[in-house]
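> give me a model of this one.
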Amino acid sequence: MLKLFKRQIPAIQKISFPTFNWERIQKTKSKQEWVNPKHNITLSLHYFDLPPDIPTMDNIEELRTFYRNLITPHKAGIIEVDYVDTNHVRSLKTLFKFPKTPSGMSYISSLIIPFKNSSYVIKLQATETGITGIRDSAIADLLMQNDEISIGEEGLQGWFADPYSSHYKGGTLMNRSEEAQYDTQFPEHPLSQCRALMREILSELTFDNALQSLTPLALVP
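Below is the predicted model of the structure:
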């Protein structure tokens, strides 16, 4: 029998990426979520059926200022805000740190894929548990031995900095131990996990053909 209607693929299913065989704990038309309890990491996919609320995709410095203003009231800090190419659509990769009580950090890595009237967001969230600060202490000791940082009247000098603006002092600034070059020394650290998992997601991310008809907010030049 001739089928008069083709089955519509739900919008949230029009992009695919590795989910690492993690347990799926939520599945709706606008959100899917997976969890890896061993490493205390969650992975989620969000679909927004409305224009993106980001101010621009043509000025990366304006975007960095936008996110600073957005997260600083939560005492958070920027580790990365930069463009990335997803199937010739200019997308945005962000990585933020949020202090936890009484100690430790949560790291949230997001990939924002913006179209003119909708968007997709892939998000990883990983949180320090147990004994925290081991990575910080080890790298701080190393840098002090190499005279790259020092102890001053206000604490460690040369340890904290916004990665894009040496003048910005708000929120919880990135520290030197959070640089990507140290991830291989601490592969189980939540920050290292966020970076490695997002790289794998980006390398295997695919779009359904139906997305080719959508207008991107910006194309990769």
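
> okay, and the spatially closest residue to residue 127 that is not a sequence neighbour sits in which element?
Spatially, and ignoring its direct neighbours in sequence, residue 127 is nearest to residue 106 (4.4 Å; C-beta to C-beta, 6 or more residues apart in numbering). Any C-beta I mention is one placed from the backbone N, CA and C, and that applies to glycine too. Assigned by DSSP states H and E, residue 106 falls within strand 105-114.

> so what does that strand touch, helix or strand wise?
Strand 105-114 sits against strand 77-86, strand 89-99, strand 119-127, helix 190-204, with contacts defined as 3 or more C-beta pairs under 8 Å, 6 or more residues apart in numbering; DSSP states H and E.

> what's the angle between the second one and strand 119-127?
Using axes from the mean of the first three to the mean of the last three C-alpha atoms, to 10 degrees, one finds that strand 89-99 and strand 119-127 are set 30 degrees apart in direction.

> return the set of buried residues in strand 89-99.
For strand 89-99, the neighbour count (16 or more other C-beta atoms under 10 Å) marks 89-98 as buried.

> most centrally placed residue in this protein?
residue 109 (1.6 Å; C-alpha atoms, centre = their mean).

> beta partners for that one?
Here residue 109 sits in beta bridges with residue 95, residue 124, as judged by DSSP bridges.

> separation between it and residue 156?
Distance of residue 109 to residue 156, given as C-beta to C-beta, to the nearest Å: 25 Å.

> try residue 36
Residue 36 sits 33 Å away from residue 156, taking C-beta to C-beta as the criterion.

> what of residue 105?
Taking C-beta to C-beta, one finds residue 105 at 17 Å from residue 156.

> equivalent analysis for residue 117, please.
Computed as C-beta to C-beta, the residue 117 to residue 156 distance reads 47 Å.

> higher neighbour count, the two?
Remark: of residue 117 and residue 156, residue 156 carries more neighbours, 16 against 13, as counted by other C-beta atoms under 10 Å.

> which residues of this protein fall in strands?
Secondary structure of the chain (DSSP state E): strands at 15-16, 23-27, 31-36, 41-48, 77-86, 89-99, 105-114, 119-127, 150-152, 155-157, 206-207.

> save those strands as TSV, and put in mean pLDDT and distance to residue 70 too.
Converted to TSV, the strands of the chain look like this (pLDDT from 0 to 100; distance: least, C-beta to C-beta, whole Å):
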stretch	mean pLDDT	distance to residue 70
strand 15-16	97	24
strand 23-27	97	24
strand 31-36	97	20
strand 41-48	98	16
strand 77-86	98	10
strand 89-99	97	9
strand 105-114	98	12
strand 119-127	97	14
strand 150-152	88	30
strand 155-157	86	26
strand 206-207	96	27
